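**Student:** just coords:
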């Protein structure tokens, strides 16, 4: 039997194996509620054969335990999913149904066909389910399963770590899809398996997984790994308090040294930020913008010569005082005082001996920079202030409001908040260095337990290293080149990560997705691939490519999702998939 089948072919298979035949209306119900995910191949929709056959028992039961044996859902409301000892009422407003519902309801529906769903059958009980839906059953087994699902969703809803760490907006945070992912994973992970988030990006998925399973996170970019760490467990508020005391002393030492170079400039900024607003204030700030020298533009102001300081530190990055943000990004993405505080916090973090403490402190600093920086939609591909003329009467209040925020204060709040959230997660997020080939090989050498690799590769050709270069530069702290108005490191010199997905060749992207999945399967691990029908390639084409090169068992989950695009573009309705590959 082929990997994909049409609804007509599925009817033939179900009739042969389970004595079930579905009409067009019944197929529409199953597909609309994502009980069976559909995939586009050309102009037609197809189903995964493994999905259909896995659901055969549930379909068989429904077909033979209703008033009309030739009907799948007779006498059942159109907005309800029916199973043995089970009814899930969807409600009238489907827009209020969260993504988690679709993977959870699919699992609950299929569980209703298992023998133990009949155990300890009692009176019919109706309970609130996910969103505005309700579940009714007379089976203790199914009611307990539904309660476990809602409990997991409550844990995720109550976790705010991804909000505190909400930095990589453009990368597409999986926060709102975390429940969908967790419920899907709950049926494909064994008790002895861990999750490796292979391309963790914003870290939201790894953070969600860490509430329930041992979790590892990897990414080619260091700042992404930092973000993943601070969304997991293993830390505490008391430890964060102690760490803040250590950091404060070191940070103030660096501030004092930097003030010897930029003290007068800091005083000018302070006067502008705290003066009464007038047209003259705009002119003052414009002049101040032109006065402050940056690397590599040349120029100096008093004893502050950023080009000279950077050249010295390119030979010795640990030279004090730390001044990378001050030399590269002051008056571009952050204010001068903020840049000095960023450099000083980064210096203080490097003085911390404990590796875990350093990782948490850098993660908190990355979230702080992202929160206070003046950017377009949270990314750094283009500065809002590219020149002095960009400082206008209309923009100045926003500029001053953002740049008057203390980085030191914001850092302390975020570190403490993340640490408190960490106490609610069951497992720390452990880091595996990227890129993905390195992560897979390193994991195979050092981790003995079973692995489920979660693959959230880029959906499009966007090169994220360009959008988040400031965060990566501060994480690495290596004084790279500074090119163009955005002050971007050189990709040619290897200072910035070059993504293999940054290509207009869709076939090359398709092959890369398949290559990664196959590499995972070669280690006898399972791979859960996250993608959407709005991505650069058709999901079915990747599944076909994997199946051509290896015998695989493939299951899938899907949910409707609204993608909020960047740059003022209209939102986009898509179907999100989690496709689980397992070698045969």
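**Tutor:** Yep, that arrived. The structure displayed is predicted, hence computed values, not measured ones.

**Student:** least trustworthy helix or strand in this protein by mean pLDDT?
**Tutor:** When each helix and strand of the chain is scored by mean pLDDT, DSSP states H and E, helix 161-164 comes last, with a mean of 60.

**Student:** what comes up buried for the first helix or strand past that helix going along the chain?
**Tutor:** Sequence order places helix 178-188 as the next helix or strand after helix 161-164, per DSSP states H and E. Neighbour counts over helix 178-188 (16 or more other C-beta atoms under 10 Å) mark 178, 179, 180, 181, 182, 183, 184, 185, 186, 188 as buried. Glycine gets a C-beta too; all of them are placed from N, C-alpha and C.

**Student:** wait, the third one sits on residue 102?
**Tutor:** Yes: when contacts are counted by C-beta atoms under 8 Å, residue 180 is listed as touching residue 102 (6.5 Å).

**Student:** now do the shared contacts for these two.
**Tutor:** Shared contacts of residue 180 and residue 102 (C-beta atoms under 8 Å, 6 or more residues apart in numbering): 557, 559.

**Student:** what are the boundaries of the helices in the stretch 401-550 of the chain?
**Tutor:** In the stretch 401-550 of the chain, the helices defined using DSSP state H, counting those that start in this stretch lie at 407-422, 436-446, 464-467, 469-476, 506-521, 539-549.

**Student:** packing partners of the shortest one?
**Tutor:** So that's helix 464-467. Applying 3 or more C-beta pairs under 8 Å, 6 or more residues apart in numbering; DSSP states H and E, we find helix 464-467 packed against no helix or strand.

**Student:** residues touching it, excluding its own?
**Tutor:** Here helix 464-467 makes contact (C-beta under 8 Å, 6+ apart) with 168, 170-171, 201, 221, 379-381, 458, 472, 486, 488, 491, 496-499.

**Student:** quick one: mean pLDDT for that helix?
**Tutor:** Helix 464-467 shows a mean pLDDT of 76.

**Student:** run the chain-centre distance for that helix.
**Tutor:** Centroid separation between helix 464-467 and its chain, computed with C-alpha atoms, centre = their mean, to the nearest Å, is 15 Å.

**Student:** now do the fifth one
**Tutor:** A distance of 20 Å separates the centroid of the chain from that of helix 506-521, by C-alpha atoms, centre = their mean.

**Student:** against which helices or strands is that helix packed?
**Tutor:** helix 436-446, strand 450-455, strand 526-532, helix 539-549, strand 572-583.

**Student:** out of the ones you listed, the one nearest residue 340 is which?
**Tutor:** Among these, the nearest to residue 340 by C-beta to C-beta is helix 436-446 (35.4 Å).

**Student:** so which elements touch that closest one?
**Tutor:** By 3+ C-beta pairs under 8 Å, 6+ apart, helix 436-446 packs against strand 215-219, strand 429-433, helix 506-521.

**Student:** at 10 Å instead, please
**Tutor:** Contacts defined by 3 or more C-beta pairs under 10 Å, 6 or more residues apart in numbering; DSSP states H and E place helix 436-446 against strand 193-197, strand 215-219, strand 429-433, strand 450-455, helix 506-521.

**Student:** do you know how far residue 181 is from residue 379?
**Tutor:** Distance, residue 181 to residue 379, by C-beta to C-beta, to the nearest Å: 24 Å.

**Student:** no, scratch that, I was asking about residue 249
**Tutor:** 34 Å.

**Student:** between those two, which is the more surrounded one?
**Tutor:** Using other C-beta atoms under 10 Å, the more surrounded residue of residue 249 and residue 379 is residue 379, with 25 against 10.

**Student:** low-confidence regions, the stretch 451-584 of the chain specifically.
**Tutor:** 460-464, 501-504, 564-569 (pLDDT under 70).

**Student:** what ranges does the stretch 1-150 of the chain have for its strands?
**Tutor:** In the stretch 1-150 of the chain, the segments counted as strands under DSSP state E, counting those that start in this stretch are 4-5, 38-41, 44-48, 80-83, 86-89, 121-128, 134-139.

**Student:** buried subset of the contacts of helix 464-467?
**Tutor:** For these, a burial check counting by 16+ other C-beta under 10 Å picks out 168, 170-171, 201, 221, 379-381, 458, 472, 486, 488, 491, 496-497, 499.

**Student:** one step back: just so I know, which of the helices and strands packed on helix 506-521 lies nearest residue 51?
**Tutor:** That would be, of the helices and strands packed on helix 506-521 and by C-beta to C-beta, strand 572-583, which comes in at 10.0 Å.

**Student:** ok, now which ones touch residue 506?
**Tutor:** 461, 535, 536, 537, 538, 541 (C-beta atoms under 10 Å, 6 or more residues apart in numbering).

**Student:** reformat those as JSON lines; add neighbour count and distance to residue 131.
**Tutor:** JSON lines is the format used below for the contacts of residue 506 (neighbours: other C-beta atoms under 10 Å; distance: C-beta to C-beta, whole Å):
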{"residue": "461", "neighbour count": "15", "distance to residue 131": "34"}
{"residue": "535", "neighbour count": "19", "distance to residue 131": "26"}
{"residue": "536", "neighbour count": "18", "distance to residue 131": "31"}
{"residue": "537", "neighbour count": "20", "distance to residue 131": "31"}
{"residue": "538", "neighbour count": "17", "distance to residue 131": "29"}
{"residue": "541", "neighbour count": "18", "distance to residue 131": "33"}
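
**Student:** so which of those comes closest to residue 416?
**Tutor:** When the contacts of residue 506 are compared against residue 416 (criterion: C-beta to C-beta), the nearest one is residue 535, at 37.8 Å.

**Student:** the closest one against residue 572, yeah?
**Tutor:** No: Residue 535 is beyond contact range of residue 572, at 11.1 Å (criterion: C-beta atoms under 10 Å).

**Student:** ok, back up a step: which among the helices and strands packed on helix 436-446 is found nearest to residue 231?
**Tutor:** Judging these by C-beta to C-beta, what sits closest to residue 231 is strand 429-433, at 6.6 Å.

**Student:** buried stuff in that closest one?
**Tutor:** 429, 430, 431, 432.

**Student:** quick one: which of these is nearest residue 192?
**Tutor:** Relative to residue 192, the closest of the buried residues of strand 429-433 is residue 430; by C-beta to C-beta it sits at 16.7 Å.

**Student:** against residue 210, how distant is that closest one?
**Tutor:** For residue 430 relative to residue 210 (C-beta to C-beta), the value is 9 Å.

**Student:** cool, and residue 279?
**Tutor:** Distance, residue 279 to residue 210, by C-beta to C-beta: 52 Å.

**Student:** so those two - more neighbours on which side?
**Tutor:** Counted by other C-beta under 10 Å, residue 279 and residue 210 do not tie: residue 210 has more neighbours, with 31 against 9.

**Student:** nearest spatial neighbour of the more buried one, skipping sequence neighbours?
**Tutor:** Of all residues not flanking residue 210 in the chain, residue 232 sits nearest, at 3.9 Å (C-beta to C-beta, 6 or more residues apart in numbering).

**Student:** and residue 487, by the same measure?
**Tutor:** Distances taken as C-beta to C-beta, 6+ apart put residue 328 closest to residue 487, at 5.3 Å, once the chain neighbours are dropped.
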